[in-house]
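> just coords:
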Ligand code: COI
């Protein structure tokens, strides 16, 4: 296990009460930092007090958005133990995002150790109330000072932690999403599969419009024909038509969600008929009209498993399952959170307890 130098804060804060937690507005006392320079590689890993850092106004990330991040969670179970959900998979995905953005790879074990070591220092911040978690946000930014467009020669990797409640104000209640054929989030061959800052910037305008129209989020359609479902931006999308569960395939334009993969695995192990295939918005509309559109939900680290109660498209509002959480959506939510909090068996070794890396390996 890697040992990192630790500088403890001299002004520790009081973590907020679990029942006041929202998403991503409170941060813990410490953060992990490490730099990269060409010739030296990644160096100087350390844990320091959480604080602002200064950047040169000409630094690359501020102009050309050469940045990647990931998001994962640690959970405190009723047994008092803290478990990180699929840390190695998130480390691998961070490196895949980095590759697409020409950012140098980090040893995945070092990434995982950065999560573990930081959480150990700030473990009093891991909330215990069901539905809460400690959100982990590893981030890499390009720090070279120059205005020419080429990959940076220096980077900063840092990890911050945030105790969180539900991502949506609706909590586990069904959200309303709007399929837009006006704006696009990503196209195949672009950056859509990478967890990179620009994808989220690209989503803001459409999301604002959706919110003004009374929807929680946008359901992005493919960037060429504006016809096939892509993803929601903060979650992958899944639906059940008849007895078939469908989710869009990993086509390079959508994020390879870890919760997506986890729920697909569960459903296949339950013997359900699961297809990763293109699904056109017209197919969804037709299924709603002929009564076979049974359920729709999103999956994501922040969103967990979120039921979709209403889908807007071309001025029409399609109510799904009477606007209520469907049985399969609920079953998936219960199975995932049961594994995350250690209240259900974890045959997949997804939720690894802190301080016991071998136990679930
Ligand atoms: C996540 O689910 O971890 C995300 O990154 C979504 C959003 C908060 C950006």
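Structure's in. What do you need? As the structure is a computational prediction, the values presented were derived from the model and not from experiment.
> separation between the residue of the chain most remote from its centre and residue 174?
Most distant residue from the mean C-alpha position of the chain: residue 290, 33.7 Å away (Cα atoms, centre = their mean). For residue 290, the distance to residue 174 equals 21 Å [Cβ to Cβ, to the nearest Å]. (Glycine included, C-beta is placed from N, CA and C.)
> next: residue 275.
For residue 275, the distance to residue 174 - Cβ to Cβ - is 23 Å.
> the strand or helix carrying residue 205 - what's its average pLDDT?
Using DSSP states H and E, residue 205 sits within helix 197-212. What helix 197-212 shows for mean pLDDT is 95.
> stretch 235-246 now?
98.
> that one near the ligand at all?
No. Judged by Cβ under 6 Å from any ligand atom, stretch 235-246 stays clear of the ligand, getting no closer than 6.8 Å.
> for the closest residue to residue 25 other than its chain neighbours, which residues are in contact?
Once flanking residues are discounted, residue 25 sits nearest to residue 162: 7.6 Å by Cβ to Cβ, 6 or more residues apart in numbering. Residue 162 makes contact with 23-28, 134-135, 137 under the criterion Cβ atoms under 8 Å, 6 or more residues apart in numbering.
> residue 284 too?
Counting by Cβ under 8 Å, 6+ apart, residue 284 has contacts 229, 239, 241, 293, 296, 311, 313, 318.
> need the max-distance pair from those residues.
The most widely separated members of the contacts of residue 284, counting by Cβ to Cβ, are 241 and 313 (15.5 Å).
> so where's the protein uncertain?
1, 356-361 (pLDDT under 70).
> enumerate the residues of it near the ligand.
Looking at the ligand, the residues of the chain close enough under Cβ under 6 Å from any ligand atom are 71, 234, 300-302.
> for residue 111, phi and psi?
Reported as degrees, to the nearest 10, the phi and psi values for residue 111 are phi -60, psi -50.
> repeat that for residue 27.
phi -130, psi 150.
> I'd guessed it sits against residue 159; true?
No. With contacts counted by Cβ atoms under 8 Å, residue 27 stays clear of residue 159, the gap being 11.1 Å.
> hang on, the earlier thing: now the residue nearest to residue 25: how far from the ligand?
10 Å (Cβ to the nearest ligand atom, to the nearest Å).
> again, but for residue 56
26 Å.
> surely that residue is within a strand?
No. Using DSSP: H, G, I helix; E, B strand; the rest coil, the assignment for residue 56 is coil, not a strand.
> whatever residue of the chain ends up closest to the ligand: neighbouring residues, count only.
Closest contact between the chain and the ligand, by Cβ to the nearest ligand atom, is at residue 71 (2.4 Å). By other Cβ atoms under 10 Å, 20 other residues sit near residue 71.
> give the contact list for it.
Contacts of residue 71 (Cβ under 8 Å, 6+ apart): 90, 135-137, 195, 301-302.
> what do you get for residue 217?
By Cβ under 8 Å, 6+ apart, the neighbours of residue 217 are 175, 177-178, 207, 210, 232-234.
> report the two of those residues separated the most.
178 and 234 (13.8 Å).
> for residue 168, give its distance to residue 333.
If you go by Cβ to Cβ, the gap between residue 168 and residue 333 works out to 13 Å.
> count the residues that sit near the residue nearest to residue 48 when sequence neighbours are not counted.
Setting aside the residues directly before and after it, residue 48 is nearest to residue 7 in space (Cβ to Cβ, 6+ apart), at 4.9 Å. When neighbours are counted by other Cβ under 10 Å, residue 7 registers 10.
> got the contact list for residue 7?
46-49.
> most neighbours out of the residues you listed, which is it?
In those, the most neighbours by other Cβ under 10 Å go to residue 47, 20 neighbours.
> so that one, which of the three states?
strand.
> for it, which non-adjacent residue is spatially closest?
Going by Cβ to Cβ, 6+ apart, residue 47 has residue 6 as its nearest residue, at 4.5 Å.
> which residue ranges of the stretch 51-200 of the chain form strands?
With strands called from DSSP state E, counting those that start in this stretch, the stretch 51-200 of the chain shows them at 67-69, 72-76, 82-85, 133-142, 154-164, 175-180.
> partner strands of the longest one and their direction?
Right, strand 154-164. strand 30-37 (antiparallel), strand 133-142 (antiparallel) (DSSP bridges).
> same thing with the third one?
Sheet pairing here is set by DSSP bridges, and for strand 82-85 it gives strand 72-76 (antiparallel), strand 351-353 (antiparallel).
> and among these, the most buried is which?
Mean neighbours per residue, mean count of other Cβ atoms under 10 Å, is largest over the strands paired with strand 82-85 for strand 72-76, with a mean of 24.
> now that strand: how far from the chain's centre is it?
Mean-position distance between strand 72-76 and its chain equals 12 Å (Cα atoms, centre = their mean, to the nearest Å).
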